[in-house]
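Novice: A structural model of the following input is requested.
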Amino acid sequence: MNALDERDLADALTAVADTQPLVNALTNDVTVNDVANVALHWGGLPVMSDDEREVGEMVASADACLLNMGTVSERGESAMMAAGNAANDAGVPLVVDPVGVGSTSTRNRVAERLTGEIDVSIVSGNYGEVSALAGADATVRGVESVGEYGEIAETAITCARETESIVVASGEVDIVATEGMAFEVHSGDGMLGRVVGTGCMLGMTLAVFAAAMDDERAALLGTLAFGLAGEAAADGVFGEYAGPASYRTCFLDAVAGLRDVSLATPADRIESVVRDTR
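Specialist: All right, here's what the predicted structure looks like:
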């Protein structure tokens, strides 16, 4: 990873807006509207095609694809596999969010198929999901990560190596890992954890950024931008909030307006923490 400078984040936001990437998402039924909105607010064009009769054609014409396991079903599994294969055939960046992996045998099997049978650009999950996918100890209740993950940076590197992808592990401090290095991304606010669907929205953010730049920069700068939008919303930059519901609105406004506020320098927020020497 080359060093990031003070213009990189602003340039990334501009690149996304200028590209206006079409992103097809097969995603969580619970959060589909927020996922579509966050793509639109970054400057992308969301489409939520999940019918196997057309999904291959739609993905082939898109600039990126998101596969989210939030409400996994037999039909959904088949459609996600078709979409993933179509993305690979067309050279379209592919983001996989293995929601709830580690909680049931079905989710484990589907996650293994998505990351093992398809070439994935970025895997995005919480600490527990990334740990479970890497074969490490993890506690996932439903779709939520609980427990302690003191070696999450090392685990994320293992996950990156096993899935041959960039890995984003979201938590109190977000981790972005390649097969040889892990970075801490210091941005975000605790209010993000009080809104259902922010993990799904992060996955879509990464897909939108991956459509406009290389995978590593998309993972780092997409994660940073997402966290900074969370901070701006919490700081009242986009209006006051009374609780999680109004914070969600402020957050979406922050995503839409982040290009117009003062941005943190990536070098001040992204720290290299682990280098794998194997």
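
Novice: can you name the next helix or strand after the strand or helix carrying T205?
Specialist: Assigned by DSSP states H and E, T205 belongs to helix 198-210. Following helix 198-210 in sequence order, the next helix or strand is helix 215-234 (DSSP H and E).

Novice: for this protein, give me the ranges with low pLDDT.
Specialist: For the chain, the stretches flagged by pLDDT under 70 are 1-3, 137-149, 276-278.

Novice: show the contacting residues for the residue positioned nearest the centre of it.
Specialist: Compute the mean C-alpha point of the chain, and by CA atoms, centre = their mean the closest residue is G203, 2.5 Å away. For G203, the contact set (CB atoms under 8 Å, 6 or more residues apart in numbering) comprises T27, V35, L66, N68, V95, D97, S124. C-beta here means a position set from N, CA and C on the backbone, and glycine is covered the same way.

Novice: turn those residues into a markdown table, columns for neighbour count.
Specialist: Formatted as a markdown table, the contacts of G203 follow (neighbours: other CB atoms under 10 Å):
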| residue | neighbour count |
| --- | --- |
| T27 | 30 |
| V35 | 28 |
| L66 | 32 |
| N68 | 27 |
| V95 | 34 |
| D97 | 32 |
| S124 | 33 |
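
Novice: now, these that are in strands?
Specialist: L66, N68, V95, D97, S124 (DSSP state E).

Novice: for S272, state which of the residues you listed is nearest.
Specialist: Using CB to CB, S124 is the member of those that lies nearest S272, at 19.8 Å.

Novice: mind listing what the closest one touches?
Specialist: So S124 contacts V95, V96, D97, V167, V168, S170, G199, L202, G203, L206 (CB under 8 Å, 6+ apart).

Novice: format those as CSV; extra columns: distance to R275.
Specialist: Output for the contacts of S124, formatted as CSV (distance: CB to CB, whole Å):
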residue, distance to R275
V95, 25
V96, 25
D97, 26
V167, 15
V168, 18
S170, 21
G199, 27
L202, 25
G203, 26
L206, 23
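
Novice: name the nearest of those residues relative to V110.
Specialist: So of those, ranked by how close each gets to V110 (CB to CB), first place is V96, at 10.1 Å.

Novice: burial of that closest one, as a residue count?
Specialist: 27 (other CB atoms under 10 Å).

Novice: check the one 3 residues further on too.
Specialist: As a burial measure, V99 scores 28 neighbours (other CB under 10 Å).

Novice: again with L26
Specialist: 26.

Novice: S49: which element?
Specialist: Counting by DSSP H and E, S49 is found in no helix or strand.

Novice: any idea how far it lies from D29?
Specialist: 14 Å (CB to CB, to the nearest Å).

Novice: neighbour-wise, which of these two wins?
Specialist: S49 (19 against 11).

Novice: element containing the closest residue in space to the more buried one that isn't next to it in sequence?
Specialist: Nearest in space to S49, with sequence neighbours left out and distances taken as CB to CB, 6 or more residues apart in numbering, is M58 at 4.2 Å. Assigned by DSSP H and E, M58 falls within helix 55-60.

Novice: same for that helix, what does it pack against?
Specialist: strand 22-26, helix 74-90 (3 or more CB pairs under 8 Å, 6 or more residues apart in numbering; DSSP states H and E).
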